[in-house]
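> with the input below, show me the fold.
(2 chains)
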Amino acid sequence: MRILKFLIEKEFKQMFRNPLIPKMIVMYPIMVLLVFPWAVSFEIKNIRIDVVDHSKSTYSRRLTDKIAASRYFILNDIPPDYRTAMWNMEQGETDMILEIPTSFDVDLVKNRASAVGMAVNSVNGTQGLLGSNYVTQIVNDFSSELRSELTHTLPAQSRASMMRMPRINIVPQYKFNPALDYKSFMIPGFMVLLLTIICGILPALNIVMEKETGTIHQINVTPVNRIGFILAKLIPFWVVGLVVMIISVSAAYLIYGLWPAGSVVAVLFSAIVFIFSISGLGIIISNYSENMQQASFLVMFFILILILLGGMFTPVSSMPGWAQAIASINPFNYLTKTFRMLYLNGSTLADVSGNLLMLALFSVVLNGWAVVSYKKRG
Amino acid sequence: MNKVMEVSGLTKKFGNFTAVDHISFDVTEGEIFGFLGANGAGKTTAMQMLCGISMPTAGKGTVAGYDIIKQNELIKRNIGYMSQKFSLYEDLKVWENIRLFGGIYGLREKIIAEKTDALLKRLDFEQERNTLVKYLPLGWKQKLAFSVAIFHEPKIVFLDEPTGGVDPAMRRQFWEMIYEAADQGITVFVTTHYMDEAEYCNRVSIMVDGRIDALDSPAALRHQFKAGSMDEVFRQLAREAERGD
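Numbering: from 1, shown residues only, chains lettered A, B, ... in the order given. Got it, this is the predicted structure:
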């Protein structure tokens, strides 16, 4: 292993002498975290809504005000009837209609229950879905507000009976990200993306570059062993990955004030396990490629799969079975889950140990493959 | 005299194409062995099998006392290799390349440092110690590559067209270095296109279409083919070649 020292030394010298790579390692995370979280957001704001208020009561006005005050909605109009509202939607002036029935206040006070109607323009599916979710949330919120108010105004006896009534409460879905801030949700994902790109592409292009310059030939006639050679290729990228991670975590804190709710050491630790696996994949690609063109093409193909089937942009649970099967062997998916748990849920290392175990398994398989696929004799 | 290399029936096929066709020869310790042949005759392929980076399709042999099929990694400890394509690291400095390959062959730091100083002094290269290799002129690069190939004092050094593209003056200097290495007891196995260089060898073999058609000392070959020079010998043999460029 004395040879390893010389090889690693060589890799670092080459890396630092590259006019672009050291700068990219620093600038890439900062640029990605500075720009993308704002642009790549599924948060829908400024949904235009028409409220058809047949009730015209205090309660209906309060609900309308609550919606108008939400940062997700713009109260477009309060038309007199549903037809006018529908016409507005057809004209593209509004995205949603909320219809409050005439008996809204009476129902609420007497029957303790009421229903509202909702129509959504679902041409933009995401907007439609999220819009109706937001309205449902606001209405639920409003009804629980009312319930507590009404309970107090009731005579003691009825209050007692009211308390006995089963309360069906919808559990808030946005438990760990109460502000529903998409950026805090996406940033851990972008960190995984950065690691994938930097620690996946750089190793993939590394050995193939030695093939193109012919230096690998010189190495192959020496007694360097395969594990030593591959390890010397990998170790610098492990260090680079860790540096990228430290820059990313700091940038997320400095720019967005986002700090892991769990332990930051756990974040770095899981990142390292992931880096092991992804850099192994890069080396495999490099071993099978003859030249840069092939290697770049292959690595892009794999990175696309890793990212799109990795649960960063779309939840894995809503993918079809075959895609879920791919996601279950996708390191990207496991680290994205882990990072979100550590960042948003405040999970501990023990909570994410299942994910880390999977990542460790990928690392062993991929790096073993990387060593075996490097052939010193043709 | 000890044989440092013995090969019999060595063959390499790529699909239907037989690059090297049952060649047999041996090389004596301390010898400068010229391995000649036209382009495409199979010289480089044969050499790669001897260096343990290409698996023979058939045949057997030993290099530096080790079996070329089974002990190829042991062979690598005992040989030096200089490929026809310059293959030191262009983005490393002169001393860094020397250090790297010294380290790879298992030399100690202290020995590497001492030998590097001595080498640079001998080559009159001291002012280029910190120059990136890519900025060196070709002739100097070749000298450096050769020096690196014998830095660990191997039993045999393989040189694949070491003087390709180098000017005559530099070629002369290069051959002086080869003689120095041979004087130190390193066996030199060299391929070349230059027939004047063939004259410098103790023995030469000439490959035609993957076979060795002639093998002897330059003087004996000239006599055998009734030729005035190695150039003529080569042309007589190459005329029968079916492949080439």
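> how about the strands of the stretch 1-150 of chain A, start to end?
Remark: strands assigned in the stretch 1-150 of chain A by DSSP state E, counting those that start in this stretch are A:47-53, A:73-77, A:96-100, A:117-120.
> how about those strands, which one is nearest A:A360?
Nearest to A:A360 among those is strand A:47-53 (44.0 Å), distances taken as C-beta to C-beta. (C-beta placed from N, C-alpha, C; glycine too.)
> least confident of the strands of the stretch 1-150 of chain A, on average?
Among these, strand A:117-120 carries the lowest mean pLDDT, at a mean of 80.
> which parts of that strand are buried?
A:119-120 (16 or more other C-beta atoms under 10 Å in any protein chain shown).
> which helices and strands sit right next to it?
helix A:82-90, strand A:96-100, helix A:125-153 (3 or more C-beta pairs under 8 Å, 6 or more residues apart in numbering or on different chains; DSSP states H and E).
> pick the most deeply packed of those.
The highest average neighbour count among the helices and strands packed on strand A:117-120, using mean count of other C-beta atoms under 10 Å in any protein chain shown, belongs to strand A:96-100 at a mean of 23.
> just want the angle from that one to strand A:47-53.
Calculated by axes from the mean of the first three to the mean of the last three C-alpha atoms, to 10 degrees, strand A:96-100 forms an angle of 20 degrees with strand A:47-53.
> contact partners of strand A:96-100?
A:47-55, A:60, A:63-64, A:67, A:73, A:82, A:85-86, A:88-89, A:116-121, A:131-132, A:135 (C-beta atoms under 8 Å, 6 or more residues apart in numbering or on different chains).
> please compute how far it lies from its chain's middle.
From the chain centre to the centre of strand A:96-100 is a distance of 32 Å (C-alpha atoms, centre = their mean, to the nearest Å).
> now the angle from it to helix A:82-90?
Angle, strand A:96-100 to helix A:82-90, by the same axes, to 10 degrees: 170 degrees.
> tell me the angle strand A:96-100 makes with strand A:73-77.
Per the same axes, to 10 degrees, the angle that strand A:96-100 makes with strand A:73-77 is 70 degrees.
> what angle sits between strand A:96-100 and helix A:125-153?
20 degrees.
> run me through the strand neighbours of strand A:96-100, direction for each.
Strand A:96-100 has its sheet partners listed here by DSSP bridges as strand A:47-53 (parallel), strand A:117-120 (antiparallel).
> want to throw those strands into JSON lines with distance to A:G214?
Shown next, in JSON lines, are the strands paired with strand A:96-100 (distance: least, C-beta to C-beta, whole Å):
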{"stretch": "strand A:47-53", "distance to A:G214": "61"}
{"stretch": "strand A:117-120", "distance to A:G214": "63"}
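> in chain B, what residue lies closest to chain A?
The minimum distance from chain B to chain A, using C-beta to the nearest C-beta, falls at B:G103 (3.0 Å).
> phi, psi of that residue?
The phi/psi pair for B:G103 (degrees, to the nearest 10) reads phi -60, psi -40.
> OK, contacts around it?
A:2-3, A:5-7, B:109, B:112.
> other residues contacting stretch A:364-377?
A:207, A:220, A:226-227, A:229-230, A:234, A:276-277, A:280-281, A:283-284, A:287-288, B:52-55, B:72-73.
> separate out the buried members of those residues.
Buried subset of the contacts of stretch A:364-377 (neighbour count, 16+ other C-beta under 10 Å): A:207, A:220, A:229-230, A:234, A:276-277, A:280-281, A:283-284, A:287, B:52-54, B:72-73.
> show me these that map onto helices.
A:207, A:220, A:229-230, A:234, A:276-277, A:280-281, A:283-284, A:287, B:72-73 (DSSP state H).
> from A:I284, how far off is the residue nearest to A:L130 when sequence neighbours are not counted?
For A:L130, ignoring the flanking residues on the chain, the nearest one in space by C-beta to C-beta, 6 or more residues apart in numbering or on different chains is A:I44 at 4.7 Å. The spacing between A:I44 and A:I284, counted by C-beta to C-beta, to the nearest Å, is 40 Å.
> any idea how far A:G368 is from A:K376?
17 Å.
> lowest pLDDT pick from the contacts of B:G103?
A:R2 (83).
> enumerate every residue touching the closest residue to chain B within chain A.
When scored by C-beta to the nearest C-beta, chain A has A:F6 as its residue closest to chain B, at 3.0 Å. Shown in contact with A:F6 (C-beta under 8 Å, 6+ apart): B:99-100, B:102-104.
> could I get these in a markdown table, plus columns for secondary structure?
Listed next are the contacts of A:F6 as a markdown table, based on DSSP: H, G, I helix; E, B strand; the rest coil:
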| residue | secondary structure |
| --- | --- |
| B:R99 | helix |
| B:L100 | helix |
| B:G102 | helix |
| B:G103 | helix |
| B:I104 | helix |
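> show me which of these are buried.
Among these, those classed as buried by 16+ other C-beta under 10 Å are B:99-100, B:102-104.
> dump these to JSON lines, plus pLDDT.
Shown next, in JSON lines, are the buried ones among the contacts of A:F6 (pLDDT from 0 to 100):
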{"residue": "B:R99", "pLDDT": "96"}
{"residue": "B:L100", "pLDDT": "96"}
{"residue": "B:G102", "pLDDT": "95"}
{"residue": "B:G103", "pLDDT": "95"}
{"residue": "B:I104", "pLDDT": "95"}
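> which among the residues you listed gets closest to B:G59?
Distance ranking of the buried ones among the contacts of A:F6 against B:G59, using C-beta to C-beta, places B:I104 first at 28.8 Å.
> give me the nearest residue to that closest one, chain neighbours excluded.
Looking at B:I104 with C-beta to C-beta, 6+ apart, the closest residue is A:T222, at 4.8 Å.
> tell me the secondary structure for the one you found?
Under three-state DSSP, A:T222 comes out as coil.
> that one: how many residues sit nearby?
The number of residues packed near A:T222 is 22, by other C-beta atoms under 10 Å in any protein chain shown.
> need phi/psi at it.
The phi and psi values for A:T222, taken as degrees, to the nearest 10, are phi -100, psi 170.
> ok, it to A:K211 distance?
With the distance defined as C-beta to C-beta, A:T222 ends up 16 Å from A:K211.
> likewise A:L304?
Taking C-beta to C-beta, one finds A:L304 at 24 Å from A:K211.
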